[in-house]
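# got a predicted structure here, sequence first:
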2 protein chains.
Amino acid sequence: MQRLPVMSERRWNPVLGEWVITATHRQDRTFLPPADYCPLDPTRPGGHPTEIDRADFEIVVFENRFPSLRRDPPEPAVAGTELSPVERASGVCEVVVYTPEHEATLTSESLEHIRRLIAVWAHRTVVLGARPEVDYVFVFENKGEAIGVTLHHPHGQIYAYPTIPPVLEREVANARSHVRRTGRCLWCDLQEQELADGRRIVAETESWVAGVPFAARWPYEVHLLPRRHVGWLHELTAPEVDDLALTLKTVLLKYDALFGFSLPYIMAIHQRPTDGGNHESYHLHIEFLPPNRTESKLKYLAGSETAAGAFINDTLPEETAPRLRELEPRTTAEVPS
Amino acid sequence: MQRLPVMSERRWNPVLGEWVITATHRQDRTFLPPADYCPLDPTRPGGHPTEIDRADFEIVVFENRFPSLRRDPPEPAVAGTELSPVERASGVCEVVVYTPEHEATLTSESLEHIRRLIAVWAHRTVVLGARPEVDYVFVFENKGEAIGVTLHHPHGQIYAYPTIPPVLEREVANARSHVRRTGRCLWCDLQEQELADGRRIVAETESWVAGVPFAARWPYEVHLLPRRHVGWLHELTAPEVDDLALTLKTVLLKYDALFGFSLPYIMAIHQRPTDGGNHESYHLHIEFLPPNRTESKLKYLAGSETAAGAFINDTLPEETAPRLRELEPRTTAEVPS
């Protein structure tokens, strides 16, 4: 595959107060290749060479061939100004291949394999977060063509950003001001409220709780929150990792049971920044944002959401949560190991 | 058509610091009806009755049958808490039907008709903005199935929100802090910089400038800005309205020439809030956000954009702007009146 000239930079938008990454070499990235040319398959003896030069693996992490952020980014293509500064797009973009099986999904993996994946996410967060230029390690997954995935093989991504991205920055600021005002963690308070109310809880284990948030933006949005106030995956105890694997698999099985097909979603792991600041107020959580509002209709982010930032949810969390709760597996004891 | 029970409320998300509108009666709204059952057609003699009970019209505005915000919203379905308050979803949602012709687009309309539409937008902004519960009047258009439109007939929408929506609030705050720091308008400064540089300009008239922003989020994003520092459409002089119509039609003709089909987009008119505050620092502008990154590929707002807020643009504004600039009409003199 031809490697195009590298152009990666960050441009400041003073109107919205945020950086935009401009990375032109990505336009020709691999786009929905036929299944027998999947670059995320193992390189099987006699088969076509893929990104992974071995015949088998459990989980593989490698650097994205079409990265938006680079360990050694080139000088920006344009000069910035005081009003519109330009910076090199430093950082790292990694691909996490969940399994050698092209047709698998996370729901078909064993709990042991999901624990292994959590360990990989935690490990990469520590390694990438230790880099001086990395202020935030964002572990996420885009799943399904509705989300715009260009490769079907089960995989996630990691973006190690040189600044805290806007959504996370807002969360960090609100968490901090909540602590200042109340002396308590914002998410611990929200979780206490949700557990007392009960209507929006989807699944519970001893150390993790999954539920539709009170002010959900997406109909079947689910957040997973550890009961203990921790900031990073690598701080989880072994029983907490076990419970996270169980909670993840429970939610994913319910999602797939919802409409009878493997539900598309964005999964986002929200950990503390790695910028060296004090982020004690921030509470680790995992968000699932599925775009379906019905079996056949998607929630589009159009004028109100994309251009004005005002989200409209066409469903009631008090109705979607029980719907998910009642789908199999009804208890985590029913989850196949 | 059956009218479902009304459920509209706003729920506060303390983590992101924003309101989410929850409106469940919208799930069954009209979805891509066959062309001969379009509810936005005139009601033709002997034809099926539509939303518009007359045989012809120029431009029609009426209240959305499936509104997210209501003049007289019901009491919220759930009780809020101190941490997660709930409010009634006050406001108004209107539909603006651009033309009686089902197959038309704005580009096929005369400049005179586009001026008429601008007058409608300005008038509705004044009328809705005068309502005490309305803090922001957002005039926008979702165009094309790629954006998620549920009706093809050329139309836009107006949302009169009870608070300033998050994106606009951020712009208002940044504009104000720029004035405080420099004594100047942020957009006037940006426009001066863009005109001096020239590379990202797409079209110019005496009183309006269209260009790809320096830190564009979408490949073919174009912003239209009046040269004079004004805040609302109704403040434009007659020659400025003429120029806006000309600039709008120029950009739309170029958009349709880009890939040879009527380009989908979100159009958003950014005016000053109507909350009674002093917003002298805010500068009227119109944003076009088309989702196409190539003829056949869309820019999806996935993990980095939707979940982290970090936009990645796969194109260079210094390449997309000249591409648009060189498409017909090359000058506004070539635009058919």
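Perfect, thanks for sending it. Keep in mind that what you see is a predicted model, and the values were worked out from it rather than measured.
# number of nearby residues for residue A:198?
Neighbours of residue A:198 under the rule other CB atoms under 10 Å in any protein chain shown: 10. Just so you know, the C-beta spots here come from the backbone N, C-alpha and C atoms, and that holds for glycine as well.
# from the stretch 151-300 of chain A, which residue is nearest to chain B?
Ranked by CB to the nearest CB, the top residue of the stretch 151-300 of chain A for proximity to chain B is residue A:300, at 2.6 Å.
# and the closest residue to that residue other than its chain neighbours, how close does it get to residue A:301?
Nearest in space to residue A:300, with sequence neighbours left out and distances taken as CB to CB, 6 or more residues apart in numbering or on different chains, is residue B:148 at 2.6 Å. Between residue B:148 and residue A:301 the computed distance is 8 Å (CB to CB, to the nearest Å).
# assign a three-state SS to the residue of the stretch 151-300 of chain A closest to chain B, would you?
When classified by DSSP: H, G, I helix; E, B strand; the rest coil, residue A:300 comes out as coil.
# test my guess that it contacts residue B:144.
No - judged on CB atoms under 8 Å, residue A:300 makes no contact with residue B:144 at a distance of 10.5 Å.
# now do the helices in the stretch 201-337 of chain A.
Ranges of helices within the stretch 201-337 of chain A are A:238-259, A:317-326, based on DSSP state H, counting those that start in this stretch.
# how about low-confidence regions in chain A?
For chain A, applying pLDDT under 70 flags the ranges A:1-6, A:26-33, A:35.
# domains for it, by residue range?
As recorded under automatic domain parsing, the domains making up chain A are A:8-161, A:182-334.
# distance to residue B:236 for those - can I get that in a markdown table?
Listed next are those as a markdown table, based on distance: least, CB to CB, whole Å:
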| stretch | distance to residue B:236 |
| --- | --- |
| domain A:8-161 | 21 |
| domain A:182-334 | 21 |
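# most packed of the ones you listed?
domain A:182-334 (a mean of 20; mean count of other CB atoms under 10 Å in any protein chain shown).
# so how far is it off the chain centroid?
Centroid displacement of domain A:182-334 relative to its chain, using CA atoms, centre = their mean, to the nearest Å, is 11 Å.
# residue with max distance from the center of chain A?
Within chain A, residue A:46 marks the point farthest from the mean C-alpha position, 34.9 Å out by CA atoms, centre = their mean.
# the helices of the stretch 201-337 of chain A into TSV, with extra columns for distance to chain B?
Compiled in TSV, the helices of the stretch 201-337 of chain A are given as follows (distance: least, CB to the nearest CB, whole Å):
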stretch	distance to chain B
helix A:238-259	14
helix A:317-326	6
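# residues contacting residue A:37?
Taking CB atoms under 8 Å, 6 or more residues apart in numbering or on different chains, we find residue A:37 in contact with residue A:48.
# surely residue A:131 and residue A:160 touch.
Yes - look at residue A:131 against residue A:160 with CB under 8 Å: they come within range, at 6.8 Å.
# between these two, what contacts are shared?
Looking at what touches both residue A:131 and residue A:160 (by CB under 8 Å, 6+ apart), the common residues are residue A:92.
# ok, the closest residue to chain B within the stretch 51-200 of chain A to residue A:221 distance?
When distances are taken as CB to the nearest CB, the stretch 51-200 of chain A reaches nearest to chain B at residue A:148, 2.6 Å away. To residue A:221, residue A:148 is 18 Å away according to CB to CB.
# got the residues of the stretch 101-250 of chain A near chain B?
A:138, A:140-142, A:147-149, A:157, A:159, A:161, A:165-171, A:173-175, A:178, A:186-187, A:189-190, A:193, A:213-217 (CB under 8 Å from any CB of the partner chain).
# contacts for stretch A:56-66?
Applying CB under 8 Å, 6+ apart, the contact partners of stretch A:56-66 are A:1, A:3, A:25-26, A:29-30, A:42, A:51-52, A:92-100, A:113, A:116-117, A:120, A:124, A:157-158.
# let's see which of those end up in strands.
Those of the contacts of stretch A:56-66 mapping onto strands are A:92-97, A:157-158, per DSSP state E.
# those helices in the stretch 1-150 of chain A, which residues are they?
With helices called from DSSP H, counting those that start in this stretch, the stretch 1-150 of chain A shows them at A:111-129.
# could you check the angle the one helix or strand residue A:176 maps to makes with helix B:166-182?
For residue A:176, the enclosing helix or strand under DSSP states H and E is helix A:166-182. Computed by axes from the mean of the first three to the mean of the last three CA atoms, to 10 degrees, the angle separating helix A:166-182 from helix B:166-182 equals 80 degrees.
# which is the next helix or strand following helix A:166-182?
That would be, after helix A:166-182 and using DSSP H and E, helix A:186-197.
# can I get that next one in CSV? Just the C-alpha atoms.
What follows is helix A:186-197 as a C-alpha-only set of coordinates in CSV (Å, rounded to 0.1, in the frame of the first residue of the first chain):
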residue,chain,number,x,y,z
LEU,A,186,-19.7,14.2,41.3
TRP,A,187,-20.0,10.6,40.0
CYS,A,188,-20.2,9.1,43.5
ASP,A,189,-23.1,11.4,44.2
LEU,A,190,-24.8,10.6,40.9
GLN,A,191,-24.3,6.9,41.5
GLU,A,192,-25.8,7.1,45.0
GLN,A,193,-28.8,8.9,43.5
GLU,A,194,-29.2,6.3,40.7
LEU,A,195,-28.9,3.4,43.1
ALA,A,196,-31.5,4.9,45.4
ASP,A,197,-33.9,5.6,42.6
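# which strands or helices does that helix pack on?
For helix A:186-197, the contact count by 3 or more CB pairs under 8 Å, 6 or more residues apart in numbering or on different chains; DSSP states H and E identifies helix A:166-182, strand A:208-211 as packing neighbours.
# strands paired with the last one, and their directions?
So that's strand A:208-211. Strand A:208-211 has the following sheet partners, assigned by DSSP bridges: strand A:201-204 (antiparallel), strand A:222-226 (antiparallel).
# adding distance to residue B:68, write the ones you listed out as JSON lines.
Converted to JSON lines, the strands paired with strand A:208-211 look like this (distance: least, CB to CB, whole Å):
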{"stretch": "strand A:201-204", "distance to residue B:68": "25"}
{"stretch": "strand A:222-226", "distance to residue B:68": "23"}
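# for the residue nearest to residue A:126 when sequence neighbours are not counted, give its distance to residue B:130.
Once flanking residues are discounted, residue A:126 sits nearest to residue A:234: 5.4 Å by CB to CB, 6+ apart. Distance of residue A:234 to residue B:130, computed by CB to CB: 56 Å.
# repeat that for residue A:271.
In terms of CB to CB, residue A:271 sits 47 Å off from residue B:130.
# and if you look at residue A:189?
Going from residue A:189 to residue B:130 by CB to CB gives 39 Å.
# likewise residue A:266?
For residue A:266, the distance to residue B:130 - CB to CB - is 40 Å.
# again, but for residue A:64
From residue A:64 to residue B:130 the distance is 52 Å (CB to CB).
# kindly report the same for residue A:91.
Noted for residue A:91: a distance of 48 Å to residue B:130, by CB to CB.
# coming back round to it: who wins for proximity to residue A:257 among the strands paired with strand A:208-211?
With CB to CB, the closest approach to residue A:257 among the strands paired with strand A:208-211 belongs to strand A:201-204: 12.2 Å.
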